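Peer 1: Need coordinates for the below:
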Amino acid sequence: YKLQPEVTKSIYEQFVSQLQASIKEEIQEVKDEGNLEMLFNSLDKMVEEAKNREEPAWRPSGIPEEDVRSTMVLYLLKHRSYLQKVLKEKVEENRKAAESVLAGRDKIAELQRLIQARKHAWQ
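Peer 2: Residues are numbered from 1 along each chain as shown. A predicted model of the protein is given here:
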């Protein structure tokens, strides 16, 4: 260093510039792999939306059952209404199937009577 300070300084500057380039490249690769730019933009958008809110943001109460219950109630209500809708559809399908079966039985009974009548007439 004392004999050739310019050379040492030049090596140091090359090392620093290569290190900075390498770090920038690594950061860019991480951003590209994780799609971080889109996520950061989404986060910025959420922050901007939160600034306009007057009510405080949701925070966990410390009691997991209550935290999950508040989240699950909406999901379970939607699921219940979906299941009720499906149940109504199935009940209607079963009613139509039962009507069809009864109509088929009546038709069979009528055909059996007709067969018996023709059998007696033939004999």
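Peer 1: Domain map for this structure?
Peer 2: Following the TED database, the chain resolves into domains at 1-54, 72-122.
Peer 1: if I look at residue 114, how far off is residue 105?
Peer 2: Relative to residue 105, residue 114 is positioned 15 Å away (Cβ to Cβ, to the nearest Å). Using the backbone N, CA and C atoms, a C-beta is placed for each residue, glycine as well.
Peer 1: same thing with residue 122?
Peer 2: 26 Å.
Peer 1: Who has more neighbours out of those two?
Peer 2: Between residue 122 and residue 105, residue 105 has the larger neighbour count (other Cβ atoms under 10 Å), namely 10 against 6.
Peer 1: any idea which element that one lies in?
Peer 2: Per DSSP states H and E, residue 105 falls inside helix 64-122.
Peer 1: Next, report how far that helix is displaced from the centre of its chain.
Peer 2: Between the centre of helix 64-122 and the centre of its chain there are 31 Å (Cα atoms, centre = their mean, to the nearest Å).
Peer 1: mean confidence for it?
Peer 2: Averaging pLDDT along helix 64-122 yields 93.
Peer 1: Number of residues surrounding residue 112?
Peer 2: As a burial measure, residue 112 scores 10 neighbours (other Cβ under 10 Å).
Peer 1: just residue 29 next, same as before
Peer 2: Residues within reach of residue 29, counting by other Cβ under 10 Å, total 10.
Peer 1: Also the one 3 residues further on?
Peer 2: Using other Cβ under 10 Å as the criterion, residue 32 is surrounded by 10 other residues.
Peer 1: Provide the secondary structure category for it.
Peer 2: helix (DSSP: H, G, I helix; E, B strand; the rest coil).
Peer 1: Distance of it relative to residue 98?
Peer 2: On the measure of Cβ to Cβ, residue 32 and residue 98 end up 61 Å apart.
Peer 1: Over to residue 81?
Peer 2: 26 Å.
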